[in-house]
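In: here's a sequence, model it:
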Amino acid sequence: MTLRDNGAANRGPNSGLANVLDSLADGQAAALERLFQFLAIPSISTDPAYHDDCLKAAGWCADTLRETGFDARVEVTGGKPMVVGRWRGTDSGASRPHVLFYGHYDVQPPDPLEAWTMPPFEAHLADDPTHGKVIVARGASDDKGQVMTFIEACRAWMNAKGTLPVDVTVLLEGEEESGSPSLEPFLQAHGQSLKADIALVCDTGQWDARTPAITAFLRGLAFSEVTLSGPSRDLHSGIYGGPAQNPIRVLAELIAGLHDDAGRITIPGFYDDVQEPSPEQRKAWQALQFDADAFLGEVGLRVPAGEKDRNVLEQLWSRPTVEVNGIVGGYTGPGTKTVIPSEASAKFSFRLVPGQQPAKLIEGLHRYIADRLPADVDVAYKGEGGSPAVGFDTNAPAFRATAQALEAEWGKPPVIVGCGASIPIVEAFRTRLGMDALLVGFALEDDRIHSPNEKYNLSSFEKGARSWARILGALGSNDAA
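Out: Numbers count the residues shown, from 1 in each chain. Have a look, this model is predicted:
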């Protein structure tokens, strides 16, 4: 079943939108209080000490969905539970659009605690010189505030109309910040019951504080851990230095050779499946007037380090990468220990663009290393895998309806952006459930997610809820065929 535009923006399920928006305005204080309750739960999935808090957060989400009008339950997994909520219309014989909303209730650890101006799980409003009122707490932006914009939009529809304009399934997981180990088994077991016409994913951001965005492209991801082994044991560098092969030196040479002087990756065949951006895409990106100096300056850098013939947006949105994420070898403790180590390791990650496959890139890394490996050095690989990039049809009816709804709320059309990062669940929705996704969120680059003093603009929270209310109405005004 697909969503087909019928041009009925103010008829059918979308009628009465003004009452829904009024309900959101009247309930702003109560909505903020609910978010603060959610933020008070330290649902840190990566730390076993907070397992009970993750269970508490899952229960809170299920209770809140039930209070909103959903049939909701906590689903046990091998790790942190899933929360599944369902709402279905009762229209006799009507064929209604069906959306699946995805978010997560777990958060990153708040360390270092001493860097927070207030305790990380005591949410509060603060005055920000750039953004005005902001919500400060761990999870405010990633992802509890984002999740609650959608739930509050549903609440407003139910309060104002007693119904939702589309059938809705909500899926909230509790391990997104720790690698989602339970998600794949859960989709294998329950995927068909979650399948909808389209998925809505909130874990993305705006272009800036006054401009909405829809993410139309996500880079894929591949990863590998490489270990080089040389001598049978660590060696005295005075006795063996010179004749003995040093795995750290070999590893350093391999890493240094991965890029040429122009910043291009030297793995044979690496760019074989990479497509160039169209002239229209390049023109649209240029019109965004992206400030590369400010983008790099915010993290203490000045000069783009990627391919020299590509601007920063092209590097992020249309080019693949290989990065070294960590190196281990030899003695790294205090003082000096003069050894030639028996082995050295490095972790690599690749960011992929559409057309590239993780297995092919990993195989290319293996060939690159095999061709350059000297005598007396062996190589072993582990922890390999990944997911391909995902792109969406920006002319699809649901995409256009969402863009129109965002423009109605923000007074300007959304920027259609790419994302240099990966959201594996989006690729899983496509390959396992045959669903495309709409990636709409209201976070900002300066929200300090994963860092101390994480914040979410109060305007992002309030206008985010209004945006979702409009989007639901817009999707509901499309015939389902």
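
In: which helix or strand in this protein has the lowest average pLDDT?
Out: When the helices and strands of the chain are compared on mean pLDDT, DSSP states H and E, strand 479-480 comes out lowest with a mean of 36.

In: show me this structure divided up by domain.
Out: 3-218+389-480, 223-274+320-386 (automatic domain parsing).

In: what's the most buried one of those domains?
Out: Each of the domains of the chain was assessed for mean neighbour count using mean count of other Cβ atoms under 10 Å. The highest is domain 3-218+389-480, with a mean of 19. In short, each C-beta sits where N, CA and C put it, glycine included.

In: for the nearest residue to S318 once chain neighbours are set aside, helix, strand, or coil?
Out: Once flanking residues are discounted, S318 sits nearest to P277: 4.8 Å by Cβ to Cβ, 6 or more residues apart in numbering. Under DSSP: H, G, I helix; E, B strand; the rest coil, P277 falls in the coil class.

In: P277 touches E314, doesn't it?
Out: Yes: P277 lies in contact with E314 (Cβ atoms under 8 Å); the separation is 6.7 Å.

In: what is in contact with the two at once?
Out: When Cβ atoms under 8 Å, 6 or more residues apart in numbering defines a contact, the residues bordering P277 and E314 alike are W285.

In: what's the first helix or strand after the helix or strand I239 falls within?
Out: I239 belongs to helix 237-240 when assigned by DSSP states H and E. Counting by DSSP H and E, the next helix or strand C-terminal to helix 237-240 is helix 247-256.

In: for that following helix, what is the average pLDDT?
Out: Within the predicted structure, the mean pLDDT of helix 247-256 is 98.

In: now stretch 215-231
Out: Per-region confidence: stretch 215-231 scores 94 on mean pLDDT.

In: same check on stretch 161-176?
Out: Averaged across stretch 161-176, the pLDDT comes to 97.

In: CA atoms only: put that stretch into PDB for me.
Out: Output of stretch 161-176 as PDB, limited to C-alpha atoms (Å, rounded to 0.1, in the frame of the first residue of the first chain):
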ATOM      1  CA  LYS A 161     -10.600  15.300  17.500                       C
ATOM      2  CA  GLY A 162     -10.800  12.000  19.500                       C
ATOM      3  CA  THR A 163      -8.900  10.300  16.600                       C
ATOM      4  CA  LEU A 164      -5.600  10.300  14.700                       C
ATOM      5  CA  PRO A 165      -5.600  11.100  11.000                       C
ATOM      6  CA  VAL A 166      -3.500   7.900  10.200                       C
ATOM      7  CA  ASP A 167      -3.000   4.500  11.800                       C
ATOM      8  CA  VAL A 168       0.100   4.700  14.000                       C
ATOM      9  CA  THR A 169       2.500   2.100  15.400                       C
ATOM     10  CA  VAL A 170       5.200   3.400  17.800                       C
ATOM     11  CA  LEU A 171       8.500   1.500  18.300                       C
ATOM     12  CA  LEU A 172      10.800   2.700  21.000                       C
ATOM     13  CA  GLU A 173      14.000   0.800  21.700                       C
ATOM     14  CA  GLY A 174      16.300   1.000  24.700                       C
ATOM     15  CA  GLU A 175      19.700   0.100  23.200                       C
ATOM     16  CA  GLU A 176      20.300   2.600  20.400                       C
END
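
In: so what's the gap between that stretch and the chain middle?
Out: 19 Å (Cα atoms, centre = their mean, to the nearest Å).

In: and if you look at stretch 419-426?
Out: Centroid separation between stretch 419-426 and its chain, computed with Cα atoms, centre = their mean, is 5 Å.

In: what's the end-to-end length of that stretch?
Out: End-to-end span of stretch 419-426 (Cα to Cα, to the nearest Å): 12 Å.

In: now do stretch 226-246
Out: 15 Å.

In: what sits up against it?
Out: With contacts defined as Cβ under 8 Å, 6+ apart, stretch 226-246 is touched by 247, 250-251, 330, 338-348, 365, 369, 373-382.

In: which element, helix or strand, includes G79?
Out: Assigned by DSSP H and E, G79 falls within no helix or strand.

In: find me the pLDDT at the residue lying closest to it once chain neighbours are set aside, would you?
Out: Excluding its sequence neighbours, the residue lying closest to G79 (Cβ to Cβ, 6+ apart) is S182, at 4.1 Å. Confidence at S182, expressed as pLDDT, is 94.

In: S182 and E175 touch, don't they?
Out: Yes: in this structure, S182 is within contact of E175 by Cβ under 8 Å, at 5.7 Å.

In: intersection of neighbour lists for the two?
Out: G79, K80.

In: need the nearest residue in space to the residue nearest the centre of the chain, chain neighbours excluded.
Out: Central residue of the chain (Cα atoms, centre = their mean): I423, 4.4 Å from the mean position. Leaving aside its sequence neighbours, I423 sits nearest to L218 (Cβ to Cβ, 6+ apart; 5.6 Å).

In: ok, now which ones touch the one you found?
Out: By Cβ under 8 Å, 6+ apart, the neighbours of L218 are A389, V390, G391, G418, C419, A421, S422, I423, V426, E427, L439.

In: how far away is the second one from E176?
Out: V390 sits 17 Å away from E176 when distances are taken as Cβ to Cβ, to the nearest Å.

In: ok, now the third one?
Out: According to Cβ to Cβ, G391 stands 22 Å off from E176.

In: which SS class is the closest residue to V303 other than its chain neighbours?
Out: In space, and not counting its chain neighbours, V303 is closest to L296: 7.5 Å by Cβ to Cβ, 6+ apart. Secondary structure assignment for L296 (three-state DSSP): helix.

In: residues contacting L296?
Out: R302, V303, P304, V312.

In: and the furthest pair within those?
Out: Farthest-apart pair in those is R302 and V312; separation 12.1 Å (Cβ to Cβ).

In: which of those two has more neighbours?
Out: V312 (17 against 7; other Cβ atoms under 10 Å).

In: so which of the contacts of L218 sit within strands?
Out: Of those, the ones assigned to strands by DSSP state E are V390, G391, G418, C419, L439.
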